[in-house]
Each structure stands twice: as C-alpha cells, then as structure tokens.
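Asks: Sequence first, predicted model second:
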Amino acid sequence: MQVIQSDVVIIGGGGAGLRAAIAVAQEAPGLSVALVSKVVPMRSHTVAAEGGSAGVIHPDDSLDKHFDDTVSGGDWLCEQDVVEYFVGQCTREMIQLEQWGCPWSRRDDGSINVRFFGGMKSPRTWFAADKTGFHILHTLFQTSLQFPAIRRHDEFFCTDLLVEDGRLQGVLALCIATGEPVLFQCKAAVLATGGASRVFGQNTNAGIVTGEGMGMAYAQGVPLRDMEFVQWHPTALPGSGILMTEGCRGEGGILLNKDGHRYLQDYGLGPLDPWPRPRAMELGPRDRLSQAFWHEDQAGRTLQTPHGTAVHLDLRHLGEKKIMERLPMICELARTFAAVDPVTAPIPVRPAVHYTMGGVLCDVHGATPLPGLYAAGECSSVGIHGANRLGSNSLAELLVFGRAAGLSAARHARETPDASAALQAQAESRAAVHLDMLRREGGTRVAQLRQRLHEIMEAGVGIVREGPRMAQACEQLAQLREQFRAGVALDDRGRAFNTEWLTAIELGHTLQVAEAMAHAALLRQESRGAHMRIDGFEARDDERFLCHSLIHSQGDAPPRVTHSPVTITRSQPKARVYGGAAQNQS
Amino acid sequence: MSQTRTIMIECLRYDPEQDQAPHYRTYEVPFTDEMSVLEGLQYIKDHLDGSLTFRWSCRMAICGSCGCMVNHQPILSCQSFLRDYYPARIRVEPLEHFPIVKDLVIDQSDFLGKLESVTPYLVPAQPLTPEDGPNLQTPRQIEDYLGYAQCINCLLCYAACPQYGLNHEFTGPAALALLARYNADSRDAGQKTRMAVVNAEEGVWGCTLVGLCSEVCPKHVDPARAINRNKINSTQDYFLRFLMPFGRGS
C-alpha cells in the first residue's frame, strides 16, 4: 500500500479545511500538510453558502450583542466560554479574508457593508452579494496555492481514522481515480468534512454532505454531541430544496401564507409594525420560522405546489435594482429552478434540512477526546450553535475554528513521535473490508437503502417530533443498518472511479449518523431550539435537559446516549422571546 | 406533478479497466418538466445502471462539478433541462479537449496546473495583518474585477475553446480570466509577476478571439474580454520594456 507521510493531515477541503491548512502553513512553518478531499476543494459545499458571515463591525453592534444573540438563538445550549472566544475572533477572520481578496460588498465610501440576518440585534452579516460562500471558498483555495507546505490530494476518499497506542496516527483513503488504498500517516489530523444533512431527503445541501467524517470519528469511540438538533431552513424551493438565502429577508423580503397574510405575527414574532426591525417577524430565527410553517401547513393555510405545500417569499417591493444588486444569484436560481422571476412574482418556499448543529465533540481548540484528532466546521460540535444555529455563524465558524484547529494540530504534531509501525497492518485490514464489497454477491441497491433512510428520518425525526414515532425510527434504522450489513448490490465491480462503491461506503457512515440523531432526539423529553416535540414535552425543561447529549457508538448495536453539563458563564437561561416581547425583555 | 414522458439518453461509456475505446449506451429515462439532465443521469445510476459515472455535487450551478457535452455543446448538467431536448434523444459525453478518466469524468489536472500558474491570489504592495483593518475598496473598484471573480472553474470554456483543443499549452480562458481578476483588483500589486504568463506564447497571444468561451460561460464571466484586456496590458508591457530597458517600477 502506498504510504504518504506528513505532519498534519486535513480531511476536507472546504472552508474549515482550507483555513486550517493555511494556518499551519503560515503560522507553523516547517510542518508538512496533506490536504485530502473527496472533491477538488472549490467543489466543497462551502461554495453554496449564500447570505453571509458574522463579524461585529457596525457602530451599533458589540461583542456582547453577538454573544447574546448566539446564546439566546441557541436556546441556552451553547458553550458560553466558546461563544465568547468565537465572537472575539470573527471580525479578525473577516478582515483576514478581505486582505486575501474576498470581494466583500461595500458601502459607497469603500468600507465594509453589513446586513441583518435573523435573530440579530444589530446588522452583523458581512456578505459578497448572495454568493458569500462561493467567494470565501475560492479566496481560501486560491490563497492556499501560495504555500508549498500544503500538498493537495484531490479526489481521495477517506474511509477510516487509524488509531494506535491510543492516539490518531493515520488516515486510510481511497484514491478515487484508481480505487487504490493509500495510507496517510500523520502526527495529527483535522477533521473538516462538513455536516450530514443528506441524512434527510428534502434538504438544501450538496450531494457530498453525507456525514462520513462524523461517522469515522464516531467509529473510533469519539462521541457525537447534540445530534438531535437539525436545522430546517425556512426558505428552500419545494422539490429541489435549493436555498433561498436568509439574506432575502435580511434585505426586506416577507413571508405570506396562501391568503397573503404575514402569518409569522401569529407565532410570537409580531407585531407587524414597526417594520423592518431586528429579531421580529421575518427576521426571527430559523427554528421558529420553520416551526411556524409547520403549524400553517397543519391549518391548511399553505399553497399547493407540484412538490408539496409552500408559502410565498415576496421580494417584489424591494424593486429590481436592489434585488439585482443584493440578490443576483437568488434571481437566477428562482428563474432557472422554479420558473419564477422574483422581480415580478413571489417565490414558493418551504423548509428543508440545512444544517447539523451537532457533530464530533471537541473543545475550543478543536481537540477531540482522541489524542491527535481535531475537528472544525459543521462536522464538529465545538459548542457555539446550541439547539439552533444563528444564520451567518457557520461561515464565521469555519474560519475561526478552522484556524484554531489547524494551530492546535500543528502544536500537537511538534510534540509527537513518529507513527507506529503497526499502523500499516491496520490500514491493510481496513482496506480489505472495503475492497471486499466489490466482490460480494446479492444485497440491496444503494439508491433503495438511501430512499428508505430518507423516509424513516422524514417520518420519525422531522420538524416536529413525537416519542412513538422517534422510537419507531430508531427500530427501523437498526433494521436498515442490518440490511446494509447484509450487503450492497453494486453494478460496478471495478476500482477506477467507482462512485457507486464509494457511495456505499459513505452510506455506512451516514446510517450511523442518522441513528445517533434519532436516539438523541428520542431521549430529549423537552422542546428546545430546533428540537420541537408535540407529545406532552412542548416546553423547554431546564431542570432535566439543560445538558448536552453525547452519543457513543456501540458498533453494530444501537448507540448509547449520555448527557453532559452546559458551560454557562454569564447568561443564565431565560425565556427565549422574539418580536415585541423581546423589546420588552431587553 | 407534471406529466411524465420518456426520453432517450445516449451516454458515452468508457471503463479504463475494461474498454479499449469509448462506446455509447442508450437509456430510456422517464422525466417530468422540472428534471435536469443531471437528474436524468442520477435516475440512470439509481435505477438502471449503477456503473454510469459522472461528477456532481451542488445541483445549483455553483460548484462547477457537472460540466459535460450535451449534443456537442458544453453545459452544466444541473441547469439544463430534459424538456428542452425532448422529443429528440440526447447524447451526453464528457467535456471535450480533456482526457477521459471514466464515462463522463474527465481529468482536470491540466487545468488545475494552469490555474496555479497565474499567481491566483492577492499580492499586496505591503504586507498587511488583520490588525491593520480592512482595505477600502469602493463599489466601482469592485466592479473592475467582480465579473472575472464569478468563475466556478467548470471548464466549459476549455471544452468550447478551439485554440485549447489544438494546443494544450495555451493557458486558456478561465485561468487567464482569473489572472485578469487579480490584476484588476485595486488591492493587488502582483501584475508584474503575472506578466510572464500573459506575455508567453501560450499566454494571451495564444487566443485567436473566437469568443466561444464567453458564449458558453454559465456565469457570464466573459473570459474573451479578460484576455483582450490582458493583451492591451501585454502590449503596454512590451513597449514599456522597450522604452525603459531597465524595467519599470523596480
């Protein structure tokens, strides 16, 4: 087996992975970095982020406000010490990107322009029109090219983390073009593999967001944290799930039910006037807006579309000039994929899965409980999102914690001896398991297993949740995992660029991540943030559940879930209110 | 749900482990009005033939993965719709001018090397740190380069470029547009470094102004204009070097 040695391996070439790689190359000279990604970095899902990234710079804003918005937005399930570090670093990272060439939108005088996003007291979102993620990703990718210490391994699919002597020492990957296994030996690794939204059918995410990074760490005994908290973005196109950015509402877009009524005023987000105002109506947080949609839908006040029910996102009053200047991609997407011109007609939208708040447990330095393994970005649970992520905090997270994890991994690499000789045997045996899939007869098709997974998750662990349905989902997922283990039927038996085979390996991880979500959800007998129950647990229960869920893999058996305390420094939990009530509270 | 019809999709197939040469296979695909060519390919992979191989990811025309030739035109399969080809059959092939790895997957390493060769990052006049604060840049200054910064590296322009087809040394549209993007950025002082690439025979002077690159670009980047702009810079650079043989500004 080919062995590639480097000090730090970074798994994933999206925003977090690239930021980590640059941090090592720039701030820890002398170390070698292997950047391993299943796609060429600029294809990573960061590219699809639209609206923007948070950083305090507006004169009306402050770090305290960013802290408060994040912690209350997360329904007090955030690690407050981590949030404190985070808000203090965001602006630095936004400026760093500016100096690397990111085309942030500006005011007429050339200074940075910021806009409102949901749940914000002050405008805080740096944006590059409505292609912020695209510009961030390309800026990072192109910037990374100036550092010879970063060796890219594009289109290498990581399958396993390899642990010897109680520490991470290598990563097994398959070179996609040839199908040959490769051992990346290292002293430290940064997991930057993104989220797991493709566990669900209706979602805004790219096809590559399948959670296998989480699955790899989980398989090595690293707990996943708070996996029950899945974010539904309130405004996606029905059917395709393509995202209509929160920036639409940040710029003044409104949501209407089938009667043309701004229904959010009926769900604790009103009153309507004065408009616009922060943290009210369409500028409420995502969990509340998606839940309001569900209620409207139950009441029969949504529109029928060929792909399910919807409400209207209306931008028309913004006028063509502003729409084209601030939301050009939204216009193109709506025209191409929904046959609607936002300048002249409202866009039909409905919630779709958008983000995994939970992930691989790690601390403020990105360190996981497994020595040598660090994590950053959506695959991680560093603790800033709590039960509901605030829009604009995820791009900032990639940068702040991508850098932190990169630097921590570099420090660890400097202090760590060379890899153990036993590693190669372990790599060979894991590779044999994957290669064996190519020879097995019978089994179920990938598409069929995936379809079943989506049905189970949508029915059992959706926007609103009930005990019996979650329990049923847990049972069905156990059966589905068993069916997966019984064999996956592959039409393609070759090694070279066998995406069917890789999808099957990926799916093995995805199924476990789904199971972690379902079990953690079942045990949380309260409603908090994005986890909404309607079976007698409608209220938040700080007595019993002001705690994180930790999900531990039990191999082929269902997971074990434990709970751990939340770090609270200066914001004691209180009622989470928006709209008029929020103004009375503050 | 709109009415389901059936379209014939003819795909180029090539398995490097088995095939001497590419061949074609036709699939019968049921489709509805909103289905893209990509969704047609996904239908084949999921239900008819799991070995059909193609790249895709975002399915919203921003990641640049899914470029291919449909009826000999380079397109993004995610934003081209089967309804627009029906009732004729469609032929799907890998992007032209690139080596085929397997089926619709091409080897993009030549392009990635070219992208790396144009110094595709800001070279500031003086080193800055975040503590210095953000540069000022007016909306008008941004307009100078923002169009070129829209490139998603989908390679449709390389597949359309007859010049690249004839001579793979040619730096090509997307890489030259990126070069122009940084040269046109008010925060950049790296133009001199990039002129070597521009002036070289395989730089801007390799372009014969056919302009197909700009026609097929799904993001309206207009590489042809970028190359033309580089040509003006290259000419100026030539005469300045002639007038000031000891170099300019150094």
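Replies: Structure received.
Asks: Please tell me how far the residue of the stretch 201-350 of chain A found nearest chain B sits from A:L407.
Replies: Closest approach between the stretch 201-350 of chain A and chain B, counting by CB to the nearest CB: A:A206, at 4.3 Å. For the C-beta atoms, the positions are set from N, CA and C on the backbone; glycine is no exception. A:A206 sits 28 Å away from A:L407, taking CB to CB, to the nearest Å as the criterion.
Asks: number of nearby residues for the closest residue to chain B within the stretch 101-250 of chain A?
Replies: Per CB to the nearest CB, A:G110 is where the stretch 101-250 of chain A lies closest to chain B, at 3.5 Å. Using other CB atoms under 10 Å in any protein chain shown as the criterion, A:G110 is surrounded by 16 other residues.
Asks: residues near the closest residue to it other than its chain neighbours, how many?
Replies: Among residues not flanking A:G110 along the chain, B:L136 sits closest, at 3.5 Å (CB to CB, 6 or more residues apart in numbering or on different chains). A count of nearby residues for B:L136, using other CB under 10 Å, gives 14.
Asks: Secondary structure of B:L136: a strand, I assume?
Replies: No. Under DSSP: H, G, I helix; E, B strand; the rest coil, B:L136 sits outside any strand and is assigned coil.
Asks: Just the pLDDT for it.
Replies: What the model reports as pLDDT for B:L136 is 98.
Asks: ok, now which ones touch it?
Replies: Applying CB atoms under 8 Å, 6 or more residues apart in numbering or on different chains to B:L136 gives the contacts A:109-111.
Asks: Spatially central residue for chain B, please.
Replies: Chain B has B:L155 as the residue nearest its centroid, 2.7 Å off, counting by CA atoms, centre = their mean.
Asks: Let me see the domain layout of chain B.
Replies: B:5-106, B:109-243 (automatic domain parsing).
Asks: now the strands for chain B?
Replies: For chain B, the strands defined by DSSP state E occupy B:5-13, B:23-31, B:67-70, B:73-76, B:90-93, B:100-102, B:105-106.
Asks: Over to the residue of the stretch 101-250 of chain A closest to chain B: give its phi and psi.
Replies: The phi/psi pair for A:G110 (degrees, to the nearest 10) reads phi 90, psi 0.
Asks: Report whether stretch A:445-461 contacts chain B.
Replies: Yes. Using CB under 8 Å from any CB of the partner chain, stretch A:445-461 reaches chain B at A:445-447.
Asks: Closest one to chain B out of those, please.
Replies: A:A447 (3.5 Å).
Asks: Just give the closest residue to the closest one, not the sequence neighbours.
Replies: B:D46 (3.5 Å).
Asks: can you count the residues close to the one you found?
Replies: 17.
Asks: And A:I551, which helix or strand is it part of?
Replies: Assigned by DSSP states H and E, A:I551 belongs to strand A:547-554.
Asks: For the residue of the stretch 201-350 of chain A closest to chain B, which residues are in contact?
Replies: Per CB under 8 Å, 6+ apart, neighbours of A:A206: A:45, A:47-48, B:57-59, B:63.
Asks: who's in contact with residue 108?
Replies: As the question left the chain open, I've gone with chain A. B:138-139.
Asks: wrong one, chain B
Replies: Here B:Q108 is in contact with A:40, B:98, B:155 (CB under 8 Å, 6+ apart).
Asks: beta partners of B:C11?
Replies: For B:C11, the beta-bridge partners under DSSP bridges are B:R25, B:V92.
Asks: Just give me the neighbour total for it.
Replies: 24.
Asks: Equivalent analysis for A:P371, please.
Replies: Under the criterion other CB under 10 Å, the count of neighbours that A:P371 has is 15.
Asks: My understanding was that the residue nearest to A:A447 contacts A:D491; is that so?
Replies: No. Between B:D46 and A:D491 there is no contact under CB atoms under 8 Å: 10.7 Å.
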